[in-house]
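Visitor: Just a sequence and a predicted model for now, questions to come.
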Amino acid sequence: RVLHQELSVAIKNGELSLYYQPQAAAGGSVAASQIIGFEALARWHHPVRGFVPPGDFIPLAEESGLIVEMGEWILREACREAASWAIPLQVAVNLSPAQFTHGDLVGLVHSILLETGLTPDRLELEITEGVLIEDFDRGLSLLRRLKALGVRISMDDFGSGYSSLSYLQAFPFDKIKIDRAFVINLGRNPQSAAIVRAVIDLGHGLEMSIVAEGVETEAQLGFLAEEGCDAVQGYLIGRPAPIGQFAALVGGDR
Ligand code: G
Ligand code: G
Ligand code: MN
Ligand code: NA
């Protein structure tokens, strides 16, 4: 497809960029919530088509295998950016299944950390359970080796798709990100509140920290803080934006 060919030159042409969405330690209000880091989110600004959303081009990059090269660029770019901050906040990077099955992911993360000088404990890798579903033993081995580098691993979109409790038992996640579908329904239906509360307790029982995604209202934040949720991410705290918009938070960019 045409779009695929264009995607293959997008990196070279400087059309890809990263947006950053802030994450905060959950206080009872926005004012009481302290920014602890950012999730890097890929953006494609096509010269003619304009903005192509990641929900469109990430699957395309996955199908074609381009995601491996693109994922490497994303990881390097996010680490380089974070290493330049005067305030040592966290940076979270999404990994695709193909990055686990192709190439030497552990070697790549290691060399990018060395190259950029980013302290390993500032890097968090977000994965969905789909990554681990294909080959359990290989997945477990990769996660252990990544953790041995000192980076943190988050289970992204927890509760959506096929995530299962056995994954939480089997894999050494540091963090669970509660899918925004549950957060959106907080206050709308009592089931979502029960599920969110249960996931927080479950995660804490496993010594994992909990991040709620898609937090849009003070009422949601208040509930989450009350229930002991560790961190929050969502439009209420901040929308994804170029890092320049957060210069004050990271202590001046460069
Ligand atoms: O950024 P949001 O705004 O629209 O992202 C949409 C989807 O694309 C999400 O599921 C997100 O995890 C995924 N995504 C965004 N950036 C990246 C990236 O850098 N790598 C991977 N693998 N997925 C990403
Ligand atoms: O990696 P992940 O699938 O979680 O990607 C985060 C996605 O969630 C991105 O598409 C981002 O733009 C979106 N997002 C982040 N905060 C909010 C929010 O508060 N509300 C909604 N509806 N979407 C959000
Ligand atoms: Mn994510
Ligand atoms: Na997510």
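Guide: Here it is on my side, so go on. Ligands and ions are numbered 1, 2, ... in the order given.
Visitor: what about residue 75, distance to ligand 3?
Guide: 14 Å (C-beta to the ion, to the nearest Å). Just so you know, the C-beta spots here come from the backbone N, C-alpha and C atoms, and that holds for glycine as well.
Visitor: and that residue, how many residues sit next to it?
Guide: 24 (other C-beta atoms under 10 Å).
Visitor: gap between the helix or strand hosting it and the chain center?
Guide: In the assignment (DSSP states H and E), residue 75 maps to helix 66-83. From the chain centre to the centre of helix 66-83 is a distance of 13 Å (C-alpha atoms, centre = their mean, to the nearest Å).
Visitor: Next one: the following helix or strand past it, is it in contact with ligand 4?
Guide: Counting by DSSP H and E, the next helix or strand C-terminal to helix 66-83 is strand 90-94. No. Counting by C-beta under 5 Å from the ion, ligand 4 has no neighbours in strand 90-94; the shortest distance is 8.0 Å.
Visitor: Just the buried residues of the helix or strand following strand 90-94, please?
Guide: Downstream of strand 90-94, the next assigned helix or strand under DSSP H and E is helix 97-101. By 16 or more other C-beta atoms under 10 Å, the buried positions in helix 97-101 come out as 97, 98, 99, 100.
Visitor: Downstream of helix 97-101, the next helix or strand is which one?
Guide: helix 105-116.
Visitor: so what does that next one touch, helix or strand wise?
Guide: Counting contacts by 3 or more C-beta pairs under 8 Å, 6 or more residues apart in numbering; DSSP states H and E, helix 105-116 packs against helix 66-83, strand 123-127, helix 136-148.
Visitor: Neighbours of the residue in the stretch 101-250 of the chain that ligand 2 sits nearest to, how many?
Guide: Nearest residue of the stretch 101-250 of the chain to ligand 2, counting by C-beta to the nearest ligand atom: residue 234, 3.2 Å away. By the measure other C-beta under 10 Å, the count of residues near residue 234 is 23.
Visitor: Pretty sure it sits against residue 224.
Guide: No. Residue 234 is not in contact with residue 224 according to C-beta atoms under 8 Å; the separation is 10.0 Å.
Visitor: which residues do the two both contact?
Guide: 183, 212, 215 (C-beta atoms under 8 Å, 6 or more residues apart in numbering).
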